[in-house]
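Asker: What would the 3D arrangement of this be:
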Amino acid sequence: MLVRNWMQANPLTVGSDTLLADAKQIITEHNLHGLPVVDDGRLRGLITRSNCLRWAHFALRKQNIHELDFFTRRVKVKDVMIRNPATMDADDTMEHCLQVGQERGVGQFPVMDGDRVVGMISANEVFSLAAQFLGAWENRSGVSLAPLELKPGTIARIVEVIDAAGGEVQAIYPLCKHEAAQLKRGPRTLVIRFHSEDASTVVKALEDAGYPVVESVHGRHQAGYQHA
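Answerer: Okay, the predicted model is just below:
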């Protein structure tokens with residue numbers, strides 16, 4: 001999955017001499033997390049929602065007409081923007097984007113194609129990606145299996161058990177702690193999403209086959225959320 005296929009393309013931008021109050025208004029009106037700061041076609045910085053809110057709250061807290069006037073008429077984007085912000089290339093993978101975001105504690109990235117800003121990746125796009133993976137708009141059921149060592153054929157056997165119980169597997173996500181993922185070993189929690197008329201039958205089949213279910217989510221037409 002490439003960033004260019006998930007980013008917000010052709011993002012709104014502001015110049016570095018834009019008043020911070022105006023940038024805040026753009027961010028609020030368009031429900032944005034950040035605005036690339038672009039001068040003469042080149043990325044100069046990033047102004048975030050938190051930057052704007054922090055300065056606005058400071059001015060309001062002072063309850064001083066001169067402070068409010070200074071914020072409204074004098075403070076510019078270049079005074080508070082993040083200079084040399086972390087960026088993503090349009091051909092980077094979403095996996096790389098998520099990894100860098102977690103490692104650096106960054107919630108939004110301008111997306112570059114050469115020297116041009118062509119998009120933005122923020123929490124909105126990450127939530128959309130997660131929703132697509134988990135089938136948030138579908139009537140899926142799901143289970144999480146107790147951590148187990150994944151050996152050749154393990155996932156295939158689990159799929160066979162679900163199929164035999166009347167389930168139709170839609171997705172499987174092996175999860176583990178960051179350290180184990182780097183070492184490419186260690187037990188994994190399997191999160192499985194599937195369609196089924198009766199998810200409880202699938203849960204029982206997995207338990208009977210020796211795969212403990214630690215939690216289950218039934219489709220909206222069934223029972224809600226269970227802990228084993």
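
Asker: switch to C-alpha atoms for all contacts and neighbour counts from now on
Answerer: Will do.

Asker: Show me the shaky parts of the protein.
Answerer: Residues of the chain that meet the criterion pLDDT under 70 lie in 55-73, 136, 177-185, 220-228.

Asker: ok, which stretches of this protein are helices?
Answerer: Ranges of helices in the chain, per DSSP state H, are 20-29, 49-62, 65-73, 77-80, 94-104, 123-134, 154-164, 178-183, 199-208.

Asker: Would you format these as a markdown table with mean neighbour count included?
Answerer: Compiled in a markdown table, the helices of the chain are given as follows (neighbours: other CA atoms under 10 Å):
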| stretch | mean neighbour count |
| --- | --- |
| helix 20-29 | 18 |
| helix 49-62 | 15 |
| helix 65-73 | 14 |
| helix 77-80 | 18 |
| helix 94-104 | 14 |
| helix 123-134 | 14 |
| helix 154-164 | 15 |
| helix 178-183 | 10 |
| helix 199-208 | 19 |
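
Asker: With distance to Ile172 added, can I get those helices in TSV?
Answerer: Converted to TSV, the helices of the chain look like this (distance: least, CA to CA, whole Å):
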stretch	distance to Ile172
helix 20-29	37
helix 49-62	35
helix 65-73	51
helix 77-80	43
helix 94-104	17
helix 123-134	10
helix 154-164	9
helix 178-183	16
helix 199-208	14
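
Asker: Looking at the ones you listed, which is nearest to Leu12?
Answerer: helix 20-29 (8.6 Å; CA to CA).

Asker: Can you give me the domain boundaries for the chain?
Answerer: Following automatic domain parsing, the chain resolves into domains at 3-131, 138-227.

Asker: before we move on, the earlier item: so which of the helices of the chain is nearest Ser141?
Answerer: Per CA to CA, nearest to Ser141 of the helices of the chain: helix 199-208, 6.5 Å.

Asker: distance between the closest one and the chain's centre?
Answerer: 31 Å (CA atoms, centre = their mean, to the nearest Å).
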